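S.K.: Next comes the sequence, and after it the predicted model I'd like to discuss.
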Amino acid sequence: MFRRYPRSKCEAMASPTFLGFLRPPGCAFHFQRNSSTVRRSHSYAAWAKLGRVNVISVGRKTQKEKWAEDAVEEYVKRLGPTLSLECQWLKDDKALFTTLAKDVSNREFIISMDAAGRLMKSSEDFSEVLFDAVEQSGARITFIIGGAEGLPEEFKADKSKGGRSDLVISLSRLTLTHKMARLVLVEQIYRATEIRKGTAYHK
């Protein structure tokens with residue numbers, strides 16, 4: 001069941017299919033799912049097309065486990081109408097710092113993946129984090145998956161303290177390979193968009 005507020009400003013977008021993706025600036029929507037009501041209030045600019053999400057993995061890329069690469073590509077394809085998702089491999093931390101200094105704007109929202117980061121308790125929790133980042137960054141987000149030794153402490157530090165991260169999160173307390181971690185992350189990004197659209201993909 002969907003409920004929409006305020007009525008006076010948003011009558012033109014009465015259909016629930018417009019929830020979150022095609023609504024004029026300033027419109028606040030409420031929707032109810034599984035007996036819990038969550039308030040959404042985001043601008044049209046950020047929602048019409050989410051923009052670009054970059055997933056950077058530190059480590060050596062191999063040709064093994066092609067099924068994982070194929071699965072990532074499938075989700076990249078599905079996300080196409082909603083956002084541009086790019087996956088990038090860097091050989092070490094030095095290459096990571098060089099790439100961020102050269103190619104990533106300070107205004108871009110950087111989310112570092114680390115076992116000690118804020119644990120995502122559910123896919124809904126991750127969806128909230130993703131779309132909050134969209135609002136703060138102007139729809140440009142970079143996820144960083146560290147190497148075998150994890151990310152350097154100076155990188156994980158908050159930007160306000162001289163680091164490079166806006167947020168540090170953990171998708172699971174389980175230990176995952178690089179490829180599995182990337183696949184889980186990409187699937188959760190796709191799931192987050194489907195949660196926001198209210199499709200049957202997430203039940």
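M.R.: Cool, got the structure. Small disclaimer: the values here were computed from a predicted structure and weren't measured.
S.K.: Provide a list of residues in contact with the most centrally placed residue in the chain.
M.R.: Among the residues of the chain, the one closest to the centroid is Leu130, at 4.1 Å (CA atoms, centre = their mean). With contacts defined as CB atoms under 8 Å, 6 or more residues apart in numbering, Leu130 is in contact with Ile141, Ile189, Ala192. Glycine gets a C-beta too; all of them are placed from N, C-alpha and C.
S.K.: and the second one, what is it in contact with?
M.R.: Counting by CB under 8 Å, 6+ apart, Ile189 touches Val53, Tyr75, Leu79, Leu85, Leu130.
S.K.: change it to 7 Å
M.R.: Remark: with contacts taken as CB atoms under 7 Å, 6 or more residues apart in numbering, Ile189 is in contact with Val53, Leu79, Leu85, Leu130.
S.K.: Among the contacts of Leu130, which ones are in strands?
M.R.: Where the contacts of Leu130 overlap with strands, as defined by DSSP state E, the overlap consists of Ile141.
S.K.: Nearest to Thr99 among the contacts of Leu130?
M.R.: For Thr99, the closest of the contacts of Leu130 turns out to be Ile141, at 15.3 Å, with distances computed as CB to CB.
S.K.: rewinding a little: filter the contacts of Ile189 down to just the ones in helices.
M.R.: Among the contacts of Ile189, the ones falling in helices (DSSP state H) are Leu79, Leu130.
S.K.: Buried only: go through the contacts of Ile189 for me.
M.R.: Val53, Leu79, Leu85, Leu130 (16 or more other CB atoms under 10 Å).
S.K.: ok, now which ones touch the nearest residue to the second one once chain neighbours are set aside?
M.R.: Looking back up the chat, that one is Leu79. Nearest residue to Leu79 in three dimensions, chain neighbours excluded: Leu85, at 5.0 Å (CB to CB, 6 or more residues apart in numbering). Contacts for Leu85 were tallied using CB under 7 Å, 6+ apart; they are Val53, Val76, Leu79, Val186, Ile189.
S.K.: and if you look at Tyr190?
M.R.: Tyr75, Arg78, Leu79.
S.K.: Could you do Asn106 as well?
M.R.: Asn106 makes no contacts at all, as judged by CB under 7 Å, 6+ apart.
S.K.: tell me the SS of it?
M.R.: Using DSSP: H, G, I helix; E, B strand; the rest coil, the secondary structure recorded for Asn106 is coil.
S.K.: And it, how far from Ser137?
M.R.: Noted for Asn106: a distance of 11 Å to Ser137, by CB to CB, to the nearest Å.
S.K.: Give me the neighbour count for Arg52.
M.R.: When neighbours are defined as other CB atoms under 10 Å, Arg52 has 15 of them.
S.K.: returning to what we had before: mind putting the contacts of Ile189 into a markdown table with pLDDT?
M.R.: Written out in a markdown table, the entries for the contacts of Ile189 read as follows (pLDDT from 0 to 100):
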| residue | pLDDT |
| --- | --- |
| Val53 | 94 |
| Leu79 | 95 |
| Leu85 | 95 |
| Leu130 | 94 |
